[in-house]
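Peer 1: from the sequence below, what's the structure:
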Amino acid sequence: MRLETLGDALVLRITGALDLSLAPKVRQGVDRARRLAAPVLVIDLTEVDFLASAGMAELVRAHRLTASMAVRVVAAGRVTLRPLELTRLADELVIVPTLAAALDRV
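Peer 2: Model (predicted):
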């Protein structure tokens with residue numbers, strides 16, 4: 001996982017299994033992004049190969065706690081998008097198919 005700046009956006013890139021072991025690191029990354037106070041936080045799940053409930057909980061937490069910044073989640077396909085759809089989190093989160101699409105809205 002790494003946090004980087006792309007234009008006016010902060011991008012939190014997550015790799016591997018977003019499960020109980022990685023969720024605390026995601027929380028730290030989101031908290032760091034909140035302190036940096038960029039207008040947009042993009043959580044990129046492109047390289048995630050497993051999305052567990054603990055990971056989805058951190059996505060919801062990020063969405064709810066970052067009132068001062070827009071949060072966009074990059075998710076596509078059955079590994080990341082499908083669980084978000086099945087749990088109806090796709091109705092709450094702003095989900096885009098690519099990082100480029102997320103950055104186009106900045």
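
Peer 1: C-alpha from now on. contacts and neighbour counts both.
Peer 2: OK.

Peer 1: and the residue nearest to the spatial centre of the chain, helix, strand or coil?
Peer 2: Geometric centre of the chain, nearest residue: residue 43, 2.6 Å, by CA atoms, centre = their mean. Classification of residue 43 using DSSP: H, G, I helix; E, B strand; the rest coil returns strand.

Peer 1: partners of it in the sheet?
Peer 2: On the basis of DSSP bridges, residue 43 is bridged to residue 12, residue 73.

Peer 1: hey, where'd the strands end up in this structure?
Peer 2: Listed in chain order, the strands found in the chain under DSSP state E are 2-6, 9-18, 40-51, 70-74, 95-96.

Peer 1: could you dump the ones you listed into TSV and include distance to residue 26 and mean pLDDT?
Peer 2: Below are the strands of the chain laid out as TSV (distance: least, CA to CA, whole Å; pLDDT from 0 to 100):
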stretch	distance to residue 26	mean pLDDT
strand 2-6	9	96
strand 9-18	8	97
strand 40-51	9	97
strand 70-74	13	96
strand 95-96	17	97
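
Peer 1: in a markdown table: those strands, plus distance to residue 84.
Peer 2: A markdown table is the format used below for those (distance: least, CA to CA, whole Å):
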| stretch | distance to residue 84 |
| --- | --- |
| strand 2-6 | 22 |
| strand 9-18 | 13 |
| strand 40-51 | 9 |
| strand 70-74 | 10 |
| strand 95-96 | 9 |
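
Peer 1: looking at those, which is closest to residue 58?
Peer 2: Nearest of those to residue 58, taken as CA to CA: strand 9-18 at 9.5 Å.

Peer 1: which residues touch the residue nearest to the centre of the chain?
Peer 2: Going by CA atoms under 8 Å, 6 or more residues apart in numbering, residue 43 touches 11, 12, 13, 14, 71, 72, 73, 74.

Peer 1: repeat for residue 76
Peer 2: Residue 76 touches 46, 82, 96, 97, 98, counting by CA under 8 Å, 6+ apart.

Peer 1: again, only using 10 Å
Peer 2: Contacts for residue 76 (CA atoms under 10 Å, 6 or more residues apart in numbering) come out as 45, 46, 82, 84, 95, 96, 97, 98.
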